[in-house]
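Undergrad: structure here, sequence nowhere to be found:
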């Protein structure tokens, strides 16, 4: 697809003359093909000499005219763009059209046309005899050049004389194969231009079409081509909503995101990074917004700043600029006429509310406000809010203005207000970080600044902004004495919490050297009391992947949680629980009392997940204690419920951002995402995600995921080596969770190779591990492995019963498919597994099941669906860059058969190469 929407700032005055030549089918313009066809219909119908294309600034008129230029056939083509200066001279636009049209023709038509225009223009606009003579002369010149197509961009800048001349000439141009296509901005004013075109429409001499904004789907299609990846819902929605589908604003927003690093690329999807927002585009993307009229521009900036105050914005703009309200309203009327602002009647006391027509434009204007102006404008709002001149909103607006006003208002009062607002709003509100950062800058004393920075660090940890959290903590600890003799900057409780938050942030930032100093108790910033100091050390051991060392130290605290600071106890219990699960220190199903007291609220869900219990409401956003679930927990809920599309959206958003304070949950989210990609056939993406996830922590879990991909590609030996490597990694760090799947796959591999003694040995090890873990998931893994390797019918029946009880679609399907291959109830189990995998989009596993069903003489339901899925999977695997040999391994067939399949697919789809197919898969154009 062609994406040719330049920003509206590309406002060069130019003309182009020539003959259009067919180029063999230009690429379609996104969302504009029907409009292009309508224009070409008018060109073909020589009874209609004029067509207007109406839209807002940045609607994509230039790209539309480009597409028309490529399709007008053999007609002479004249292309020009008018500029604002063209309005000042009578017949300027007409002169430019005639000059451009005749310059390429034989004879001195250009000089004739220019002299006619110059001579008759002296008679003035509106003099009917002169208008009629000029119209006849102009139409004669143009008719001699037929077939002729004149494309005029930014035609709203045409002078009145040229517009009236067009209206008078149209009648003479009808039937002459001369067509004028004028693209212009829609104007609410009923001026001479509007009246002239209305007259042409009534007489059947013109047609008019609107250039509409993109739909959400069209915006996503454009973004896919611009960023070179499938735009995730978060990114596509943010950019579409901000631009309201305006092409220039949409592309400017996408470019701003790329420049600011706000777009992350995960699983070949473009994602708005977690915690990021769409950065503002350059204000010049909207032509005429920053004008030579300084007062108009200052009013525009004030309205961007004060828009959140509703109907009071006009009054505050007057105060900030020292102007009367009437003068401000006059400027606002002009901004409304330009469609920069829109007015509604929802304000108090009948006062109008002024809003920017495009949220993205407001953000661009806000970004263009200088630092002094920002403080000045904000201080005017703060003083009005403090004095009660305008009502005070209760949604944090005051805090936003205080953060901007800085020292232009009472700093001491500002600090108190900012800290209070940060405490009053929900902990989920990301504005808290900005407010606390501003309060720290304004704090009058070192002690107050240290206290606010400690709160800022805590807020950043909550929101996953770990780099900012570490910076604030480091700033406090590097200012000198924190607590102890002399004048302490922090109270003991504040110090303990800040030290704990810094440890969490250090791990997320990859500062392993400083973490090792913590584990050696050599970090000067650790709290002095031994109880908290050693707890923080144990947490640092966990974050360095030394869970086996940390476990015993954390267990010693189980009877002493009440003696600790509440935050320290919360995190301590969390890491104690995780260490026990990972190391198999106690069965996860042990009573709460055995695990050392109440499980932290966050772990009410983690406990269910560790036990492998998928029976949970998939839409539930909080745990049983009412705490909002973290992204990793929401991912697990959706993954186990079979809502893989939702799960992957959560995963992409989370993975694209900074690592949070839960490295274990993040890694298991990577593992689940890799399983989804593998099941759906995206093997290259799966391996890429494995590589991105490797960070020296719990790597045996990733080894299992990668070994599965290798086995599917036919690299059995490499997969076997990776399983052994993963087991060695886990044993070296004392980790148990995750080894059950490694041992189960190892036992099956050894059995396939005929090494039954080693397979039985692996099963015995798996039995011991499953006993230590104590979860239903581990027990199911053991039962399925015993049924597969030993052909044990009692294990198979127990596995079937347990899988049905757990009712996780993917887990159940895989268990049933493995048990069926032992010869136990193959028809029933294979059909059920096949149906369970359908809603998941697990194309690869469904294809392998079809081959297995053929082996057991089980009919595959839905022949047309089977053909569609086979072709879809083949396209996915080709897009992933698999060779014919690897494709043969995946499908369990010969390379010759694969080549035949590829030939049929390319013939049917019309794509000529793997590159074309991959591009179609990216944009969603490939249809089966």
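TA: Now that the structure is in, tell me what you want to look at. Being a predicted model, the structure only gives us computed values, none of them experimental.

Undergrad: low-confidence ranges, this structure, go.
TA: Scanning the chain for pLDDT under 70 picks out 1-28, 104-130, 188-192, 292, 346-350, 480-487, 586-628, 923, 928.

Undergrad: can you point me to the longest strand in it?
TA: If you go by DSSP state E, the chain has its longest strand at strand 178-185.

Undergrad: roughly how far is it from the heart of the chain?
TA: Here the centre of strand 178-185 is set off from its chain's centre by 37 Å, with C-alpha atoms, centre = their mean, to the nearest Å.

Undergrad: please apply the same query to stretch 92-107.
TA: The answer for stretch 92-107 is 48 Å, by C-alpha atoms, centre = their mean.

Undergrad: next, the buried residues of it.
TA: Residues of stretch 92-107 classed as buried: 92, 93, 94, 95, 96, 97, 98, 99, 100, 101, 102 (neighbour count, 16 or more other C-beta atoms under 10 Å). Bear in mind the C-beta positions are built from the backbone N, C-alpha and C, glycine included.

Undergrad: separation between the third one and residue 176?
TA: Just to be clear, that refers to residue 94. 17 Å (C-beta to C-beta, to the nearest Å).

Undergrad: hang on, the earlier thing: which strands or helices does the longest strand of the chain pack on?
TA: Using 3 or more C-beta pairs under 8 Å, 6 or more residues apart in numbering; DSSP states H and E as the contact test, the elements touching strand 178-185 are helix 33-44, strand 50-55, helix 61-69, helix 128-144, strand 148-153.

Undergrad: buried sites along the fourth one?
TA: So the one you mean is helix 128-144. Applying 16+ other C-beta under 10 Å to helix 128-144 flags 130, 131, 133, 134, 135, 137, 138, 139, 141, 142, 144 as buried.

Undergrad: which of the residues you listed sits closest to residue 838?
TA: residue 142 (63.2 Å; C-beta to C-beta).

Undergrad: name the nearest residue to that closest one, sequence neighbours excluded.
TA: Once flanking residues are discounted, residue 142 sits nearest to residue 178: 4.9 Å by C-beta to C-beta, 6 or more residues apart in numbering.

Undergrad: and that neighbour, what does it touch?
TA: Residues near residue 178 by C-beta atoms under 8 Å, 6 or more residues apart in numbering: 46, 49, 139, 142, 143, 145, 146, 147, 148, 150.

Undergrad: the fifth one and residue 472: what is the separation?
TA: Shown here: residue 143 relative to residue 472, a distance of 75 Å by C-beta to C-beta.

Undergrad: okay, now the domains of this protein?
TA: According to automatic domain parsing, the chain comprises the domains 15-210, 216-279, 601-658, 807-858, 862-928.

Undergrad: which stretch among these comes nearest residue 287?
TA: Smallest distance to residue 287 across those (C-beta to C-beta): 5.9 Å, for domain 15-210.

Undergrad: which residue packs closest to residue 183, ignoring adjacent ones?
TA: residue 61 (3.6 Å).

Undergrad: that neighbour contacts residue 54, correct?
TA: No. The pair residue 61 / residue 54 is not scored as a contact, 9.2 Å apart, by C-beta atoms under 8 Å.

Undergrad: anything in contact with each of the two?
TA: Counting by C-beta under 8 Å, 6+ apart, the residues touching both residue 61 and residue 54 are 184, 211.

Undergrad: the two: which is more packed in?
TA: residue 61 (28 against 20; other C-beta atoms under 10 Å).

Undergrad: what about that one, distance to residue 68?
TA: 10 Å.

Undergrad: give me the phi and psi for the closest residue to residue 906 other than its chain neighbours.
TA: What sits nearest to residue 906 in space, not counting adjacent residues and going by C-beta to C-beta, 6+ apart, is residue 912, at 7.0 Å. Main-chain dihedrals, residue 912, degrees, to the nearest 10: phi -100, psi -10.

Undergrad: residue 912 and residue 905 touch, don't they?
TA: No. Counting by C-beta under 8 Å, residue 912 stays clear of residue 905, with 11.9 Å between them.

Undergrad: ok, the two, which is more surrounded?
TA: In this view residue 912 and residue 905 are compared by other C-beta under 10 Å, and residue 905 has more residues nearby, 19 against 9.

Undergrad: what's near enough to touch the more buried one?
TA: Contacts of residue 905 by C-beta under 8 Å, 6+ apart are 871, 874, 875.

Undergrad: mind redoing it with 6 Å?
TA: 871, 874 (C-beta atoms under 6 Å, 6 or more residues apart in numbering).

Undergrad: ok, how many other residues are close to residue 75?
TA: 18.

Undergrad: and the strand or helix carrying residue 651, what does it pack onto?
TA: Secondary structure assigned from DSSP states H and E places residue 651 in helix 644-656. Helix 644-656 is packed against strand 263-266, strand 269-272, helix 631-641, helix 663-679, with contacts defined by 3 or more C-beta pairs under 6 Å, 6 or more residues apart in numbering; DSSP states H and E.

Undergrad: closest to residue 691 out of those?
TA: It is, among those and with distance given as C-beta to C-beta, helix 663-679, at 10.5 Å.

Undergrad: immediately after the closest one, which helix or strand?
TA: Remark: after helix 663-679, the chain's next helix or strand is helix 683-693, criterion DSSP H and E.

Undergrad: in that next one, what's buried?
TA: So, applying 16+ other C-beta under 10 Å, buried residues of helix 683-693: 683, 684, 685, 686, 687, 688, 689, 690, 693.

Undergrad: from the residues you listed, pick the one nearest residue 582.
TA: Nearest member of these to residue 582, counting by C-beta to C-beta, is residue 693, at 16.6 Å.

Undergrad: just give me the neighbour total for residue 765.
TA: 17.

Undergrad: if we can go back for a sec, winner for burial among the domains of the chain?
TA: domain 216-279 (a mean of 21; mean count of other C-beta atoms under 10 Å).

Undergrad: between the contacts of residue 178, which is closest to residue 367?
TA: Minimum distance to residue 367 across those is 38.9 Å, recorded for residue 150 (C-beta to C-beta).

Undergrad: ok, that closest one - contacts?
TA: Counting by C-beta under 6 Å, 6+ apart, residue 150 makes contact with 78, 97, 180.

Undergrad: how close does the first one sit to residue 152?
TA: Read that as residue 78. Relative to residue 152, and taking C-beta to C-beta, residue 78 is found at 9 Å.

Undergrad: try residue 227
TA: Taking C-beta to C-beta, one finds residue 227 at 33 Å from residue 152.

Undergrad: where do the strands sit along this structure?
TA: In the chain, the strands defined using DSSP E lie at 15-19, 50-55, 76-81, 148-153, 178-185, 206-210, 230-231, 263-266, 269-272, 341-344, 353-356.

Undergrad: let's have those strands in a markdown table, adding distance to residue 513.
TA: Below are the strands of the chain laid out as a markdown table (distance: least, C-beta to C-beta, whole Å):
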| stretch | distance to residue 513 |
| --- | --- |
| strand 15-19 | 62 |
| strand 50-55 | 58 |
| strand 76-81 | 59 |
| strand 148-153 | 60 |
| strand 178-185 | 59 |
| strand 206-210 | 62 |
| strand 230-231 | 38 |
| strand 263-266 | 27 |
| strand 269-272 | 31 |
| strand 341-344 | 54 |
| strand 353-356 | 49 |
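
Undergrad: show me the contact partners of stretch 352-367.
TA: Residues contacting stretch 352-367 (C-beta under 6 Å, 6+ apart): 242-244, 249, 253, 280-281, 283, 286, 300-301, 304, 310-311, 339, 341-347.

Undergrad: please name the nearest non-neighbouring residue to residue 886.
TA: residue 713 (5.0 Å).

Undergrad: you'd agree that neighbour is up against residue 885?
TA: No. Counting by C-beta atoms under 6 Å, residue 713 sits too far from residue 885 to count as a contact (9.1 Å).

Undergrad: the closest residue to residue 795 other than its chain neighbours: how many residues sit nearby?
TA: Leaving aside its chain neighbours, residue 795 sits nearest to residue 786 (3.9 Å; criterion: C-beta to C-beta, 6+ apart). When neighbours are counted by other C-beta under 10 Å, residue 786 registers 22.

Undergrad: am I right that residue 786 is in contact with residue 794?
TA: No. Here residue 786 lies out of contact with residue 794, judged by C-beta under 6 Å, at a distance of 8.8 Å.
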